[in-house]
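1. With the input below, show me the fold.
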Amino acid sequence: MAPILRTAAAQSLTSRKAHDMSKELEFIKGVDKLHAFYTENVRMLAHAYDIEDETAARLLDRYDYRNVARSILRPPRVDILGEITGESTDDQPR
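-> Sure thing, here's the model as predicted:
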């Protein structure tokens with residue numbers, strides 16, 4: 001194979017890898033945002049039942065909902081009402 005063709009093939013492969021990595025990163029960002037919304041919905045549900053975040057976290061952990069049990073103790077990462085009304089200042093989860 002001529003050197004020019006090898007270089008073009010290598011550039012094409014590098015471009016495809018970068019594109020795949022970009023898709024994977026966007027997927028992870030989407031999952032992160034989805035998890036943040038889920039956590040806030042769980043927090044709102046706990047508050048609707050007049051359950052504090054710490055108590056909700058213990059209950060969730062007891063029933064193996066460990067990811068949300070940890071997340072509910074952290075500050076909110078998304079503004080659910082802002083997202084619904086279009087007034088959110090959060091473009092991405094923190």
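2. How far off centre is stretch 28-37?
-> 2 Å (C-alpha atoms, centre = their mean, to the nearest Å).
3. and the next element down the chain from the host helix or strand of His19?
-> Using DSSP states H and E, His19 maps to helix 3-48. Note on helix 3-48: by DSSP H and E, the next helix or strand toward the C-terminus is helix 53-62.
4. List the buried residues for that next one?
-> Neighbour counts using 16 or more other C-beta atoms under 10 Å place Ala56, Ala57, Leu60 of helix 53-62 among the buried residues. Any C-beta I mention is one placed from the backbone N, CA and C, and that applies to glycine too.
5. Okay, angle between it and helix 3-48 too, please.
-> 120 degrees (axes from the mean of the first three to the mean of the last three C-alpha atoms, to 10 degrees).
6. how near is Met20 to Lys33?
-> Let me fix one detail, which is that residue 20 is Asp and not Met. Taking C-beta to C-beta, to the nearest Å as the measure, Asp20 and Lys33 are separated by 21 Å.
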